[in-house]
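*Asks:* after the sequence you'll find the predicted model.
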Amino acid sequence: MNDVAIVDFGLCNLDSIVRAVEQCGGRAKVATEYSQLNGVNSIILPGVGTFGDAMRNLSERGLDQALNEQVISRKIPFLGICLGMQLLAVKGTEQGNNNGLGWIKGAVVKLEKQAPTERTLHIGWNEVHYSQASELFDGISDMTDFYFMHSYHLVCEDKQKVVATTPYCGEFSSAVRLENIFGVQFHPEKSQKAGFQVLRNFLTL
C-alpha cells in the first residue's frame, strides 16, 4: 500500500483529503513535523488560507526544508492542492510579497474578472482543459468539471509546465507539472468521481 504524507501546516481541516486518499487506496498519515515526511511513497500538500501565513507556518515547523529534501533531492512524488499548488511558485502577492517554495518559476496573483458576471472569488464547478497529456488525468475526459475555491492563481513563466487551464477570469492554470511535482488548483477530494480518479492516478506514480 502507498504510504502518503498529508502535510499539515495548521491552516485547514484535513479530514476530507485524508478520507479521500484512503478511499483511493492510500495509507494516509498527517505530517506536522520534519521527521514525519521520512519513508513515505508520496506527499500531498493541501491548503486553504493565505500564501504568507502558509509559508510562515511551513518554515516554523521545518516543513519547507523537509519538502525540499524529500521532493527535490529524493524525487518523492508530490501533489499540491489549491493553495498547495500556489506555494510551488517563487512568490505570492497575497497580503504583500512573500517567497514560495520556488520550485516553479512564476508568481501567484489575484484573479481579475473579465466579465460582469465573474467574481474574483471563484467557487464552484468549472471545466479543466488539458494543455498537454498527463498521467494525472488518465481516464478522465478533457473539459471535465472539477470543484474550485480560490481567488488567486499561479502564473507560470514557462508555459510548458502548465498541464491544464480553466476558462474563468480570462484563463488560469488549473494544473501544473515539473518532473515528480504536480499541482492542481481544484480540490480533487471535493470533485467526486473525477477528483478521486486524479488521486488514484497520483498514487500510482
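*Replies:* Arrived safely. Being a predicted model, the structure only gives us computed values, none of them experimental.
*Asks:* let me see the ranges of the helices in this protein.
*Replies:* 15-23, 51-60, 63-67, 83-86, 192-203 (DSSP state H).
*Asks:* quick one, which of these is nearest to Thr165?
*Replies:* helix 83-86 (13.2 Å; Cβ to Cβ). Yep, even glycine has a C-beta here, placed from its N, CA and C like the rest.
*Asks:* summarise which helices and strands the closest one is packed against.
*Replies:* With contacts taken as 3 or more Cβ pairs under 8 Å, 6 or more residues apart in numbering; DSSP states H and E, helix 83-86 sits against helix 51-60, strand 152-156, strand 181-184.
*Asks:* mind doing that once more with 10 Å?
*Replies:* strand 42-45, helix 51-60, strand 78-81, strand 104-110, strand 144-150, strand 152-156, strand 172-178, strand 181-184 (3 or more Cβ pairs under 10 Å, 6 or more residues apart in numbering; DSSP states H and E).
*Asks:* rebuild those as TSV, extending it with mean pLDDT.
*Replies:* Listed next are those as TSV, based on pLDDT from 0 to 100:
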stretch	mean pLDDT
strand 42-45	98
helix 51-60	94
strand 78-81	98
strand 104-110	97
strand 144-150	97
strand 152-156	97
strand 172-178	98
strand 181-184	98
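*Asks:* for those, which one sits closest to Gly25?
*Replies:* Comparing the helices and strands packed on helix 83-86 by Cβ to Cβ, strand 42-45 comes nearest, at 11.6 Å.
*Asks:* what about dumping the CA coordinates of that closest one to CSV?
*Replies:* Extracted in CSV, the C-alpha atoms of strand 42-45 (Å, rounded to 0.1, in the frame of the first residue of the first chain):
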residue,chain,number,x,y,z
SER,A,42,4.2,10.2,-1.9
ILE,A,43,3.4,13.6,-0.4
ILE,A,44,0.3,15.8,-0.7
LEU,A,45,0.3,19.5,0.3
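*Asks:* where does the protein have low pLDDT?
*Replies:* 1 (pLDDT under 70).
*Asks:* so in the chain, which strand runs the longest?
*Replies:* Longest strand of the chain, by residue count under DSSP state E: strand 122-130.
*Asks:* sheet-wise, list the partners of that strand with their directions.
*Replies:* strand 144-150 (antiparallel), strand 162-166 (antiparallel) (DSSP bridges).
*Asks:* what lies in contact with it?
*Replies:* Applying Cβ atoms under 10 Å, 6 or more residues apart in numbering, the contact partners of strand 122-130 are 111, 113, 136-137, 140-153, 162-169, 171-172, 174-175, 184-186, 190-192, 194, 198.
*Asks:* go on, stretch 49-63?
*Replies:* 7-12, 31-37, 45, 47-48, 64-67, 82-84, 86-87, 89, 91-101, 108, 152.
*Asks:* which of those residues fall within strands?
*Replies:* Val7, Ala31, Leu45, Ala89, Lys91, Gly92, Asn98, Asn99, Val108, Tyr152.
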